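Starting from these lines, generate the structure:
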Amino acid sequence: MKIATWNVNSIAIRLEAVLNWLDSTKTDVLCLQEIKCVDEKFPHLDFLNAGYNSVFMGQKSYNGVAILSNREIKNPVYNFPDDAEDSPKRLIAADIEGIHIVNTYIPNGTELWTDKFTFKLDWLQRLRKYFDTNCPKDSNVLLCGDFNVAPEELDVWSVKAWEGKLHFSKPERAAIHHVKQWGFTDVFRQHNGDLQEFSWWNYREGAFPKNQGLRIDHIWTSKSLAEKCTNCWIDKEPRAWERPSDHTPVVAEFRV
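Numbers count the residues shown, from 1 in each chain. Predicted coordinates for the structure are as follows:
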């Protein structure tokens, strides 16, 4: 089974690109972030016509997450259990083929030590609590999405340029490491070792042609599922398309 994550930065703008990518790659499950539309405008019929069921949680101009699957989607979860109804739409989870898939759009944080940065750190603590409370460590669990954190030095194009900055600050890296300590394996690193590749490039300053990016989009799995993972890669091709998202898909394959 092929599972992918992609921050599309507006599904309205990127719908054709997503449909074409699904058709060409034969991906079974695609987790989307930053869909930027209310539920009523999510193009679920377009995906259904292409053979994909969907669960989604939209927001007008920001946030919003969705899971598409050509297999049955069971037991959807929308945000953290204690979130208010008007909370930002940042987490959606579901069971597919015995895998509990958790799709996240982790808060950006804006600037260090602002209220939004503190909210990001708190959100990551709540994410760890979600797994502690809801997921046995011996079960098949997959966490993916736009983490808005580059966990390791290999995940930034220049440590000197990013040291102490948002996405690569010590508090963010410590917070995401705490989530990982639940028992997750970074399956990209499992299969690619110290290969330096990125999943996000700024629209400005010619970042993509210069390959000055960050690896902030991830697929992490529980130990039992990591043992079934046969490959994981970053598909850079969609970032070069016309009107691309600033992110590109990350894909993993599993024996299930």
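
And the residue nearest the centre of this protein?
Gly145 (0.8 Å; CA atoms, centre = their mean).

show me what contacts that residue?
For Gly145, the residues meeting the contact criterion (CB atoms under 8 Å, 6 or more residues apart in numbering) are Thr5, Asn7, Cys31, Gln33, Val65, Val102, Asn103, Thr104, Tyr105, Ile106, Asp217, His218. Placement of C-beta: from N, CA and C, glycine included.

Okay, strands next: where are they in the stretch 1-150 of the chain?
Here the stretch 1-150 of the chain has its strands, by DSSP state E, counting those that start in this stretch, at 2-7, 29-33, 53-57, 65-69, 74-78, 91-96, 99-105, 141-146.

Just send the ones you listed back as CSV, with distance to Lys165 too.
Formatted as CSV, the entries for the strands of the stretch 1-150 of the chain read as follows, by distance: least, CB to CB, whole Å:
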stretch, distance to Lys165
strand 2-7, 19
strand 29-33, 21
strand 53-57, 30
strand 65-69, 25
strand 74-78, 32
strand 91-96, 25
strand 99-105, 20
strand 141-146, 17
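
ok, now how distant is Asp28 from Asp146?
With distances taken as CB to CB, to the nearest Å, Asp28 is found 20 Å from Asp146.

Between those two, which is the more surrounded one?
The residue with more neighbours, out of Asp28 and Asp146 and counting by other CB atoms under 10 Å, is Asp146; that gives 27 against 20.

wait, that one sits on Ile106?
Yes. Distance between Asp146 and Ile106: 6.6 Å, which falls inside the contact criterion (CB atoms under 8 Å).

Find the nearest non-adjacent residue to the residue nearest to the centre of the chain, please.
Once its chain neighbours are removed from consideration, Gly145 has its nearest residue in Thr104; the separation is 3.8 Å (CB to CB, 6 or more residues apart in numbering).

show me the contacts for the one you found.
Going by CB under 8 Å, 6+ apart, Thr104 touches Gln33, Val65, Arg90, Leu91, Leu127, Leu143, Cys144, Gly145, Asp146, Phe147.

where does the stretch 1-150 of the chain have low pLDDT?
Within the stretch 1-150 of the chain, no stretch has pLDDT under 70.

at 80 instead, please
Of all residues in the stretch 1-150 of the chain, those with pLDDT under 80 make up the ranges 61.

Would you map the helices across it?
With DSSP state H, counting those that start in this stretch applied, the stretch 1-150 of the chain shows helices at 11-25, 44-49, 115-134, listed in chain order.

My read is that Ile216 contacts Ala150, right?
Yes. Here Ile216 reaches Ala150: they are 5.5 Å apart, a contact under CB under 8 Å.

Any idea how many residues pack against the nearest residue to Asp23 once chain neighbours are set aside?
Setting aside the residues directly before and after it, Asp23 is nearest to Ala50 in space (CB to CB, 6+ apart), at 7.0 Å. When counting by other CB under 10 Å, one arrives at 15 neighbours for Ala50.

just use 30 as the starting number from now, easier for me
All set: I'll call the first residue 30, so the last point we hit is now Ala79.

Contacts only, for Ala79.
Residues Leu48, Leu51, Asp52 are the ones in contact with Ala79 under the rule CB under 8 Å, 6+ apart.

which one of those is nearest Ile102?
Within the set of the contacts of Ala79, Leu51 lies nearest Ile102; the separation is 15.4 Å, counting by CB to CB.

how many other residues sit next to the closest one?
A count of neighbours around Leu51, defined by other CB under 10 Å, yields 19.

Could you report the separation of the residue located most distally from the centre of the chain from Pro200?
Of all residues in the chain, the one whose C-alpha sits farthest from the chain's mean C-alpha position, using CA atoms, centre = their mean, is Lys189 at 25.7 Å. According to CB to CB, Lys189 and Pro200 sit 19 Å apart.
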